[in-house]
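Asker: Kindly return the folded structure for what I paste below:
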Amino acid sequence: MFFDTHCHIDFAELGDPQMTIQQAMDAEVHRLLLPATTQKSWANVTSIVSRFPSVYGALGLHPYFLSPDMAMTSSLSQLDDALKQRSRRIVAVGECGLDAMIDIDFQQQVTVFTEHIRLAQHYHLPLVIHSRKTHHHILSLLKNAQFDEGGVVHGFTGSEQQARQLIERGLKIGVGGSITYSRAQKTRRTIASLPLESLVLETDAPDMPIAGFQGKSNHPERLPLIFQCLLELRSETPDELKSQLWHNSCDVFQLPDTAR
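Answerer: The predicted structure is shown next:
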């Protein structure tokens, strides 16, 4: 079985979540993690995970959707309330993090992400982390907070050194569609060299289209194609790889490992 540890099946591009989930199940993707991106999406994420047993959720504020005029104190206070009242199917804090490639005040991003770290620590939940060109900042903030609840750095495309530093902080590395592109040599070499116990699979659907599907919305049902590409980069057998990836995914989100 496969676990898509990062997909936005609440986005309109994917249409009816029930159909998306069924198509994923038909492709042996038996679990999905749905991270919220905005405060407005929390209710929908909570509703979806309550309706579909194969889907789990995370609540947070994505740096891309922050704005100069947002009431940060109020939004973060409401995030605290939402996490306090969460159902058992909300298993992480996120999507949250830092992004040096967007026109959002960086100090505002740091302030918001720091509060996500505090809340995750307080509620003993892992983080779902977005990071573009900010791995050193992410590491510094996690170290300063002595964060030890784990999580996933999703869509990782950094260096092997950065990946190993993140792994040392107890984080998993999200392996997505980037490895399906032959030109992504640095990322492919990094993912090939990391401990298998540190990896999880993801699609980031409807984003991060895989090779051969450029310009089209991504879907959780394509996770096995990412797995096949990972298999080409690794030395493990298909069964070893599939089993360990499932275990890693269940472990980081503190879910029962029903495949074993």
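
Asker: where exactly do the strands run in the stretch 1-150 of the chain?
Answerer: 2-4, 29-35, 55-59, 90-99, 127-132 (DSSP state E, counting those that start in this stretch).

Asker: Check the gap between the residue of the chain most remote from its centre and residue 105 for me.
Answerer: Distance from the C-alpha centroid of the chain, by C-alpha atoms, centre = their mean, peaks at residue 69 (26.9 Å). From residue 69 across to residue 105, the span is 11 Å (C-beta to C-beta, to the nearest Å). Just so you know, the C-beta spots here come from the backbone N, C-alpha and C atoms, and that holds for glycine as well.

Asker: Could you do residue 53 as well?
Answerer: With the distance defined as C-beta to C-beta, residue 53 ends up 40 Å from residue 105.

Asker: burial count for residue 145?
Answerer: 13 (other C-beta atoms under 10 Å).

Asker: hmm, I was thinking of residue 161
Answerer: 10.

Asker: mind listing what's buried in the helix or strand hosting it?
Answerer: Taking DSSP states H and E as the criterion, the element that holds residue 161 is helix 160-168. If you call a residue buried by 16 or more other C-beta atoms under 10 Å, then helix 160-168 has these buried ones: 162-163, 165-167.

Asker: Tell me the one of the residues you listed nearest residue 82?
Answerer: residue 166 (26.5 Å; C-beta to C-beta).

Asker: Could you report the separation of the nearest residue to that closest one once chain neighbours are set aside from residue 171?
Answerer: Residue nearest to residue 166 in three dimensions, not counting chain neighbours: residue 153, with 5.3 Å by C-beta to C-beta, 6 or more residues apart in numbering. Going from residue 153 to residue 171 by C-beta to C-beta gives 5 Å.

Asker: and for those two, which residues touch both?
Answerer: Common neighbours of residue 153 and residue 171 are listed as residue 129 (criterion: C-beta atoms under 8 Å, 6 or more residues apart in numbering).

Asker: Distance from stretch 73-84 to the middle of the chain?
Answerer: Relative to its chain's centre, stretch 73-84 lies at 21 Å (C-alpha atoms, centre = their mean, to the nearest Å).

Asker: quick one: average confidence on it?
Answerer: When pLDDT is averaged over stretch 73-84, the result is 96.

Asker: Extract the CA atoms of that stretch and return them as PDB.
Answerer: Taking Å, rounded to 0.1, in the frame of the first residue of the first chain, the C-alpha atoms of stretch 73-84 are listed here in PDB:
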ATOM      1  CA  THR A  73      -2.500  37.600  16.300                       C
ATOM      2  CA  SER A  74      -6.100  36.800  15.700                       C
ATOM      3  CA  SER A  75      -5.400  34.100  13.000                       C
ATOM      4  CA  LEU A  76      -2.800  32.400  15.200                       C
ATOM      5  CA  SER A  77      -5.100  32.500  18.200                       C
ATOM      6  CA  GLN A  78      -7.800  30.900  16.100                       C
ATOM      7  CA  LEU A  79      -5.300  28.200  14.900                       C
ATOM      8  CA  ASP A  80      -4.600  27.500  18.600                       C
ATOM      9  CA  ASP A  81      -8.300  27.100  19.200                       C
ATOM     10  CA  ALA A  82      -8.800  24.900  16.200                       C
ATOM     11  CA  LEU A  83      -5.900  22.600  17.200                       C
ATOM     12  CA  LYS A  84      -7.300  22.500  20.800                       C
END
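
Asker: Next, the buried residues of that stretch.
Answerer: Quick answer for stretch 73-84 (16+ other C-beta under 10 Å): 75-76, 79, 82-83.

Asker: Nearest to residue 22, out of those residues: which one, please.
Answerer: residue 82 (28.1 Å).

Asker: how about that closest one, what does it touch?
Answerer: Under the criterion of C-beta under 8 Å, 6+ apart, the neighbours of residue 82 are 42, 59.
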